[in-house]
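In: Quick one, fold the following:
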Amino acid sequence: MERHGLEVALCYGNRGAPGMLHYLANFQPRWESFLVFPYSGEPVLFVQLYNHAPDAQRNAVIADTRWGGMDTTESVAAELREKGLATSALGLAGGVPYRRYQALQHALPEAAWVDLTAELGRLRWIKSEEEMAVMRRAAELTDLAVAALSEELRPGMREIDLLGVMQAAVQMQGGQVELCYLASTPMQEPNAFVPAQTLSERRIQAGDVVITEIGVSWAGYAGQIHRPLAVGTSPSAEYQQLFEVASEAYYRIAEAIRPGASEQEVLAAAEVIHETGFTICDDLVHGFGGGYLPPVLRTRRTSHGPVEPFVFEKNMCVVIQPNVISRNRRMGIQLGQLHVVDDDGLETLQHYPLEFIVTGAA
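Out: Presented below is the predicted three-dimensional model:
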């Protein structure tokens, strides 16, 4: 704020994108909320809906937490006018809907606006000790969910049933399955190559493979695990080859990441995927923890545009997740998990074995 000459920062959040509001206020909004954060003086948190304000007052670290009134943007504008900040330079962070931005501009016509979303988001790249404690707990719960899936998956279950299996395993400990992306397909006649975001009612059969991306959240942070599961039988030779290539890529990438390493070292390590005749669909590596963070890397041959320079630093959290697929896009697996960059390289936060799970025995 000082660097930009700002008198106040406004942080917007909602259920789908809590963003910096969660980070600064320790509150996960279920509806739209605004945090008014002045350079001098005390912040104010405006929360919708009326019945959500008592929960926010119990949980937020912002002493002045209020209902946002019938129109949250008007309440924010009124607060700024009362504080004499209506004509100031104002920072704005978060995915503010266009209509809300228009309303703020109309209510505060003399204010100058500066987009702070990227700069404030940069604060989340390197985790504090407090954040790491929360992420370790989320990782433990994610391990627990995947263990339940491997133990309870049986032929005849639907894909949508698997979410319930995992949620039941973690809910008594305060966990919430945040990521449950998966797809099932026969190993002998595959027609799925990447975990799906929408679960189907397809019934899983012996001889299937289930490919997954699983994350359980706790206090707003999540773990992440990718494991393939062979149902009722060992992996076929073709799927075993996919697994071996994904494993090799995973370990090479993990070896490359350390403080001071660049994105080019990761991309060089990932070339083994193409050298063995395969490609990828999903991202290869991405930052994580309180959101989907940089770096977001694919391989050199599958990049969607120029690769931005990036240097890894201590206490960044990253997910390594090679989604190795056939070039005809008929079959694939995903293998990986969450890590934190430490002094010498990576510490793995997930402790469920890095293996091709065989499950679903009668």
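In: Show me the contact partners of the helix or strand of the chain with the lowest mean pLDDT.
Out: The helix or strand of the chain with the poorest confidence is helix 19-25; it has a mean of 87 (mean pLDDT, DSSP states H and E). The contact list for helix 19-25 (C-beta atoms under 8 Å, 6 or more residues apart in numbering) reads 11-13, 27-29, 33-35, 37, 43, 45, 60-62, 65, 93-95, 117, 120-121, 123-124, 220, 290-291. Bear in mind the C-beta positions are built from the backbone N, C-alpha and C, glycine included.
In: Can you tell me which of those end up in strands?
Out: Using DSSP state E, the subset of these located in strands is 11-13, 33-35, 37, 45, 65, 93.
In: any idea which of these is closest to residue 228?
Out: residue 13 (35.1 Å; C-beta to C-beta).
In: quick check: mean pLDDT across the biggest helix by length in the chain?
Out: In the chain, with assignment by DSSP state H, the single longest helix is helix 129-152. For helix 129-152, mean pLDDT is 97.
In: same question, stretch 193-206
Out: In this model, stretch 193-206 has a mean pLDDT of 97.
In: what about it, start to end distance?
Out: Stretch 193-206 has an end-to-end distance of 18 Å (C-alpha to C-alpha, to the nearest Å).
In: tell me which strands and helices the helix or strand containing residue 105 is in contact with?
Out: If you go by DSSP states H and E, residue 105 is part of helix 98-107. Under the contact criterion of 3 or more C-beta pairs under 8 Å, 6 or more residues apart in numbering; DSSP states H and E, helix 98-107 touches helix 72-82.
In: Number of residues surrounding residue 203?
Out: 13 (other C-beta atoms under 10 Å).
In: ok so, going back, what's in contact with the longest helix of the chain?
Out: With C-beta under 8 Å, 6+ apart, helix 129-152 has contacts from 127, 162, 165-170, 173-175, 177, 212, 214-225, 227, 229, 289-290, 315, 317, 338, 340, 349-352, 357, 359.
In: Can you get me the start-to-end distance on stretch 228-246?
Out: Terminal residues of stretch 228-246 lie 11 Å apart, using C-alpha to C-alpha.
In: Which of the residues in it are classified as buried?
Out: For stretch 228-246, the neighbour count (16 or more other C-beta atoms under 10 Å) marks 228-232, 235-236, 239, 241-243, 245-246 as buried.
In: Which residues are in contact with residue 240?
Out: 234, 356.
In: for the host helix or strand of it, what is the average pLDDT?
Out: Taking DSSP H and E as the criterion, residue 240 maps to helix 237-256. The pLDDT scores in helix 237-256 average 98.
In: Please pick the buried ones from the contacts of helix 19-25.
Out: Buried by 16+ other C-beta under 10 Å: 11-13, 27-29, 33-35, 37, 43, 45, 60, 62, 65, 93-94, 117, 120-121, 124, 220, 290-291, out of these.
In: would you list every one of the helices in the protein?
Out: Listed in chain order, the helices of the chain (DSSP H) span 19-25, 53-59, 72-82, 98-107, 117-122, 129-152, 159-170, 237-256, 263-270, 272-275.
In: gap between the fifth one and the chain center?
Out: Right, the one you point to is helix 117-122. 16 Å (C-alpha atoms, centre = their mean, to the nearest Å).
In: Point out where this structure drops to low pLDDT.
Out: Applying pLDDT under 70 to the chain flags the ranges 362.
In: Residue ranges of each domain in it, please.
Out: Following automatic domain parsing, one finds the domains of the chain at 8-122, 129-359.
In: Now distance to residue 2 too, for those domains, in a markdown table please.
Out: Below are the domains of the chain laid out as a markdown table (distance: least, C-beta to C-beta, whole Å):
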| stretch | distance to residue 2 |
| --- | --- |
| domain 8-122 | 7 |
| domain 129-359 | 23 |
